[in-house]
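S.K.: task: produce atomic coordinates for the following.
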Amino acid sequence: MINNHRSPRPNSTSESIPGHPLENLTPEERLARINQMLGAWKDQPDLLEIFAEIDRDRHAYRGRQIDSMDD
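M.R.: Okay, here's the model as predicted:
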């Protein structure tokens, strides 16, 4: 037996889900938009230290937390 029960679709078309902001752009326009957004990070020396700290932290092994049997 095939189950054809589906939730009803709304009849109103006044509400729509916005599309992706890059979906109607040419590849060149898309690359320009991405570079524009990433350019916001340009010339921020604090970012180098932030990413260096993230890199150090992810390589630091802190061991596994083991619960004490005495508690």
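S.K.: how far away is the spatially most central residue of the chain from residue 37?
M.R.: Centre of the chain computed as the mean C-alpha position; nearest residue by CA atoms, centre = their mean is residue 20, 13.3 Å away. Per CB to CB, to the nearest Å, residue 20 is found 13 Å from residue 37. The C-beta positions use only the backbone N, C-alpha and C, and glycine is treated the same way.
S.K.: likewise residue 70?
M.R.: Relative to residue 37, residue 70 is positioned 54 Å away (CB to CB).
S.K.: more neighbours: these two, which one.
M.R.: Neighbours were counted for residue 70 and for residue 37 using other CB atoms under 10 Å; residue 37 has more, 11 against 4.
S.K.: helix, strand or coil: sort out that one for me.
M.R.: For residue 37, the assignment made with DSSP: H, G, I helix; E, B strand; the rest coil gives helix.
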